[in-house]
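>>> what would the 3D arrangement of this be:
(one chain, ligands or ions: 2)
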Amino acid sequence: MKNTSPIILKGLPVSKGITMGMAHVIEHGNNIIEEKYIEKKLVSKEIKRLKTTFKKTLIELDIIKSKISPSIKKNIGLFLDTHILLVSDKIFLDSIKSRITENLNSSEWAIHAEYLNIKESFENIEDLYIKQRIDDVNHVVKMLLNNLIIKKNKINIISKSFNNVIVVTDDLSPADVIITYESKGLGLISEYGGRSSHSSILTRSLELPSIVGVKNALKIIKDNDYLILDGNEGLIFINPEKDLVKHYQNLKKSSLKKKKVLSTVLTKKNISLDKEKLEIMVNLELPQELKIISEKNIDGIGLFRTEYLYADRNDFPTENEQFFAYKKIVKKMKNNPVIFRTLDTGADKEIPDNVKTGAIARNPALGLRGIRYSLGNQIVFINQVKAILRAGHYGTVKIMLPMITNFSEILDAKKLIAIAKNNLKSEKKKFSNNVKIGIMVEVPSCAVLANRFAKQVDFFSIGTNDLVQYTLAIDRVDDEVNYLYDPINSAVLNLIKIVIDAGAKNKIPVSLCGEMAGDSNYTRLLLGLGLKSFSMHPSAIPEIKNIMISSDISKLKKFSREIINCDSLIKKNKLLAKINNI
Ligand code: PEP
Ligand code: MG
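Ligands and ions are numbered 1, 2, ... in the order given. I've put the predicted structure just below:
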């Protein structure tokens, strides 16, 4: 640790917890390739440089493959094999070499030009599957260029180990989070990002203390700086004094103690002081997370994000592959329900290379995502539904449709679900025939018409991450506007109330599975609005349950109404503090 006075940075705390350790800085960046030529006498030197780069990339790919833990190897391993094949391909290397010898291209330009050439020839291919192989070429080219271009702190993420360090990066991808977790990293700091981006959600699920939206982090934090990462307050101390380290060590100890005490509530019945029965479910997005939950302490999985099955690969998961994955989860949950959300690709969710979500996605959040993609790619959707229905034979499953914006999307999806059932019948496969079908209410149009939509579905789940984004017109992953991301904005609360009331009127269950459900600031407000079922990341459960069982809901209603109707931010926060301290 250095003895200079500490520099303090502030960002958006997205995953709670305190951690301390050395910084490890990685930069993703973007390479811009210029058209560049070399002198004839330098050709053999340039060829040598090129060959070294190919060798280095191949070694890197092998190392990456050997380091990925078995739990995520299957998905990532597939695309690695394709990449290894391409880097070892003699024709590919020879074509680049001849651009250097014949056209005197620099290695960088030769690789880029060869890529453009391959890309062009792929454009005339009609077979969609073969056409999509261009994405593999693109990944490999990026790796080769990264190895050619000498850049400080350049990213080489998968081959690194982040054991015992705090990862500091410009932009956090879900892969960064998984690899940091797998290699036992301490926490994450990112310049870019918002609270409800997928990467941030993953940090919470995996309990990795993390702060995003830290402006200029890469300019200020250097490798091996000693950091305190306060994921509760969003503070980062760089090279702090011993006293501050001691203070944080004590804080860490006492929060661990508090966590232990809180965990005792898990075995208690989830009933409010005024005897309302409440429900807590979990949100999961990776099967690895099943390890950290106990089916005894929760009422089910309220949101299983299925995108992981589609990520990091160039083909689609087969029906069987999905069935085996889902069945494992359903069996582990015994008879507690598992709500599988169908593929919600696009925008903040990592877009698998095989999923094309529109040629011009200038506003990907408003583009071909969620149910829109599924209805346009019916085979993909039907295969997934078949897998879920088959898993239903081993427990209780429900199907949840994401990004519903209008009535006909529900009807169209239900028709496809009926086709999936018919297919299963004629294929004589075992499946559950009475799987409930629900929708995510995460677009304002859906919330406004909830009373009408309720007649067509078996349950609602309010997705506040997107509902806030679409109601307030702010990109949920953009740190420039995350100061506007306000789940208790009156417009948002009004929509939540409409959905809760529509559920009660039509006698269908309403849950809330956005990040708001796991934020202890809002538990009593939501209880006061009439919400009975919360689905959250597992680490939030003890604190939220503790609040639930110590709440008298009958006393909260009046305050919740006042908060909805309040226009002054200061007054609203005062009311929130009041409701939280009743
Ligand atoms: C939501 O939008 O609130 C939600 C739970 O879904 P996701 O975060 O996966 O978009
Ligand atoms: Mg959503």
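
>>> gap between Leu188 and Asp519?
Per CB to CB, to the nearest Å, Leu188 is found 19 Å from Asp519. All C-beta spots, glycine's among them, are computed from the backbone N, C-alpha and C.

>>> who has more neighbours out of these two?
Between Leu188 and Asp519, counted using other CB atoms under 10 Å, Leu188 has the larger neighbour count: 31 against 18.

>>> can you tell me, leaving aside adjacent residues, what's nearest to Asp170?
Glu191 (4.9 Å; CB to CB, 6 or more residues apart in numbering).

>>> which residues touch that neighbour?
169-171, 212-218, 479 (CB atoms under 8 Å, 6 or more residues apart in numbering).

>>> what do you get if the cut-off is 10 Å, keeping everything else the same?
Contact analysis of Glu191 by CB atoms under 10 Å, 6 or more residues apart in numbering lists 11, 27, 168-172, 212-219, 221, 479.

>>> just the pLDDT at it, thanks.
Listed pLDDT for Glu191 reads 92.

>>> how much space separates it from Leu484?
Glu191 is 19 Å from Leu484, by CB to CB.

>>> could you do Ala504 as well?
31 Å.

>>> ditto for Thr203
22 Å.

>>> so which of those two has more stuff around it?
Between Thr203 and Leu484, counting by other CB under 10 Å, Thr203 is the more crowded of the two (31 against 13).

>>> wait, is the more buried one part of a strand?
No: using DSSP: H, G, I helix; E, B strand; the rest coil, the assignment for Thr203 is helix, not a strand.

>>> that one against Leu229, yeah?
No: the criterion here is CB atoms under 10 Å, and Thr203 misses it with Leu229 at 11.4 Å.

>>> which neighbours do the two share?
Counting by CB under 10 Å, 6+ apart, the residues touching both Thr203 and Leu229 are 15, 17, 187-188, 209-211.

>>> can you tell me which of those residues are in helices?
Assigned to helices by DSSP state H, none of the shared contacts of Thr203 and Leu229 qualify.

>>> which one of these is nearest Ile439?
Ile439 has its nearest neighbour among those in Ser15, at 28.1 Å by CB to CB.

>>> for that closest one, what are its contacts?
Neighbour list for Ser15: 177, 187-188, 195, 200-212, 229, 231-232, 537, 539 [criterion: CB under 10 Å, 6+ apart].

>>> tell me the pLDDT at it?
92.

>>> what's the spacing between it and Ile339?
23 Å.

>>> look up how far Glu35 lies from the nearest residue to Ser173 once chain neighbours are set aside.
Counting by CB to CB, 6+ apart, Ser173 lies nearest to Ser199, which is 6.2 Å off, once chain neighbours are set aside. Separation of Ser199 from Glu35 (CB to CB): 35 Å.

>>> out of the two, which sits in the more crowded spot?
Set side by side, Ser199 and Glu35 show more neighbours around Ser199, with 25 against 10, by other CB under 10 Å.

>>> on the pLDDT front, check the more buried one for me.
Reported pLDDT for Ser199: 76.

>>> over to the one 4 residues further on?
Predicted confidence (pLDDT) for Thr203: 87.

>>> before we move on, back to that, roughly how far apart are the residue nearest to Ser173 and Leu208?
Taking CB to CB, one finds Ser199 at 10 Å from Leu208.

>>> intersection of neighbour lists for the two?
Counting by CB under 10 Å, 6+ apart, the residues touching both Ser199 and Leu208 are 14, 177, 188.

>>> and the strands in the stretch 351-500 of the chain?
397-401, 436-441, 459-462 (DSSP state E, counting those that start in this stretch).

>>> name every strand pairing with the second one and say which way it goes.
I take that to be strand 436-441. strand 397-401 (parallel), strand 459-462 (parallel) (DSSP bridges).

>>> so which of those gets nearest ligand 1?
Set against ligand 1 and scored by CB to the nearest ligand atom, those come closest in strand 459-462, at 7.4 Å.

>>> so what's the residue count around Thr264?
10.

>>> also the one 3 residues further on?
Here the count is done by other CB under 10 Å, and Thr267 has 9 residues near it.

>>> is it correct that it is in contact with Asn297?
Yes: between Thr267 and Asn297 a contact is recorded at 7.1 Å, counting by CB under 10 Å.

>>> in space, what's closest to Tyr248 - neighbours in sequence excluded?
Closest residue to Tyr248 apart from its sequence neighbours, by CB to CB, 6+ apart: Ile228 at 5.1 Å.

>>> what strand or helix carries the one you found?
strand 226-230 (DSSP states H and E).

>>> can you name the residues of the protein that neighbour ligand 2?
Contact residues, the chain versus ligand 2 (CB under 5 Å from the ion): 442, 463, 466.

>>> of those residues, closest to Met281?
Out of the residues of the chain next to ligand 2, the member with the shortest distance to Met281 (by CB to CB) is Gly463, at 13.8 Å.

>>> how about that closest one, phi and psi?
When read as degrees, to the nearest 10, the backbone of Gly463 gives phi -100, psi 90.

>>> how deep is it tucked in, by neighbour count?
29.

>>> correct me, but it touches Leu401?
No: the pair Gly463 and Leu401 fails to qualify as a contact (CB under 10 Å) at a distance of 11.2 Å.

>>> what sits in contact with each of these two?
341, 344, 370, 439-440.

>>> pull the contacting residues for the closest residue to Val165 other than its chain neighbours.
Closest residue in space to Val165, ignoring its immediate chain neighbours: His24 at 4.0 Å, by CB to CB, 6+ apart. His24 makes contact with 153, 160-169, 180, 185-186, 221, 223-225, 227, according to CB under 10 Å, 6+ apart.

>>> again with Glu102
43, 110.

>>> quick check: which element contains it?
Using DSSP H and E, the element containing Glu102 is helix 90-103.
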